[in-house]
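In: Let's see this in three dimensions:
(one chain, ligands or ions: 1)
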Amino acid sequence: MTRLGVNIDHVATLRQARGVKYPDPVAAAALVEMAGADGIVVHLREDRRHIQDRDVHILRETVKTKLNLEMAATPEMVKIALEAKPHMVTLVPEKREELTTEGGLNVGGNKGTLTKTIAQLKGNGITLSLFIDPNGQQIEASKEVGADFVELHTGCYCDATTRDEEDKEYKNLLDAVSIAYELDLGINAGHGLNYFNVKRIAEIKEIEELSIGHSIVARAVLVGLDRAVRDMIELIK
Ligand code: PXP
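Out: Residues are numbered from 1 along each chain as shown. This is a model prediction of the structure:
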């Protein structure tokens, strides 16, 4: 059965919007696990716009399932990962001005740095995944640099505006899955998955885990609003 890793970055986004202590992603992670998720995913960005160093270190202590740390392959992030020792590190490209991770890593163009970084992290017991576009060359390069897993970028499939376009992107993902499977790489997938587009992706049995954030946190705000308002009315009365 496909596993679910829940990305809780946007719980931290809400906290950072006010510069207060809540909502705490650590508390959110506990609820996510109690609801049955298989793992917690956080992206520690260079600009610290949502998840903070403190979150990563506490989550490492409190997460009972698996902690997957998304990060750029920079010396600063590698140092933090080696201290925190999450179960998995997913290396992602990062641009300061982007709203969210825009594309997959250019593995072929950064083989030297990636091989070194991956060896260092794996040498410390961390499972290594690379976030890449569903593209054969990137998958082969991921194998060459020593990755254990690839996380296939589902953004183009999710952004498709017509059924034909969606089918084309889906086929592209299926081809990528076959290549990664043949190379004996573990396969995760994510980005942009929501309650409407997830089913077809979950049907691909070679994909071990889906990493989903924005749509889950967005739904939590809406389904939780009724209760939150009632609780406040009760206090005011
Ligand atoms: N996978 C990676 C590598 C990501 O950067 C993100 C976004 O932080 C996700 C998955 C989750 O994407 P979404 O928030 O659209 O579900």
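
In: Can you check the pLDDT for residue 74?
Out: Predicted confidence (pLDDT) for residue 74: 96.

In: Look at it and say how many residues are nearby.
Out: Using other C-beta atoms under 10 Å, residue 74 has 14 other residues around it. Backbone N, C-alpha and C define where each C-beta goes, glycine included.

In: mind listing what the nearest residue to it once chain neighbours are set aside touches?
Out: Excluding its sequence neighbours, the residue lying closest to residue 74 (C-beta to C-beta, 6 or more residues apart in numbering) is residue 46, at 7.0 Å. Going by C-beta atoms under 8 Å, 6 or more residues apart in numbering, residue 46 touches 72, 74, 76-77, 94, 96.

In: so which of these also contact the ligand?
Out: Among the contacts of residue 46, not one lies near the ligand by C-beta under 6 Å from any ligand atom.

In: Just the CA atoms of the lengthiest helix in the chain, as CSV, please.
Out: Secondary structure of the chain per DSSP state H: the longest helix is helix 214-236. What follows is helix 214-236 as a C-alpha-only set of coordinates in CSV (Å, rounded to 0.1, in the frame of the first residue of the first chain):
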residue,chain,number,x,y,z
HIS,A,214,-0.3,22.1,0.9
SER,A,215,-3.6,20.4,0.1
ILE,A,216,-3.7,18.6,3.5
VAL,A,217,-2.9,21.7,5.6
ALA,A,218,-5.4,23.7,3.4
ARG,A,219,-8.1,21.2,4.1
ALA,A,220,-7.3,21.1,7.8
VAL,A,221,-7.9,24.9,8.0
LEU,A,222,-11.4,24.5,6.4
VAL,A,223,-12.5,21.3,8.2
GLY,A,224,-11.2,22.7,11.5
LEU,A,225,-12.8,26.1,11.3
ASP,A,226,-16.2,25.1,12.5
ARG,A,227,-14.8,23.6,15.7
ALA,A,228,-12.4,26.5,16.3
VAL,A,229,-15.2,29.1,16.0
ARG,A,230,-17.5,27.1,18.3
ASP,A,231,-14.7,26.8,20.9
MET,A,232,-14.2,30.6,20.9
ILE,A,233,-17.9,31.3,21.2
GLU,A,234,-18.1,29.0,24.2
LEU,A,235,-15.3,31.0,25.9
ILE,A,236,-16.8,34.4,25.2
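
In: Only the buried residues of stretch 31-42, if you could.
Out: Across stretch 31-42, burial judged by 16 or more other C-beta atoms under 10 Å covers 32-33, 37-42.

In: roughly how far out does it sit from the chain middle?
Out: How far stretch 31-42 lies from its chain's middle: 12 Å, per C-alpha atoms, centre = their mean, to the nearest Å.
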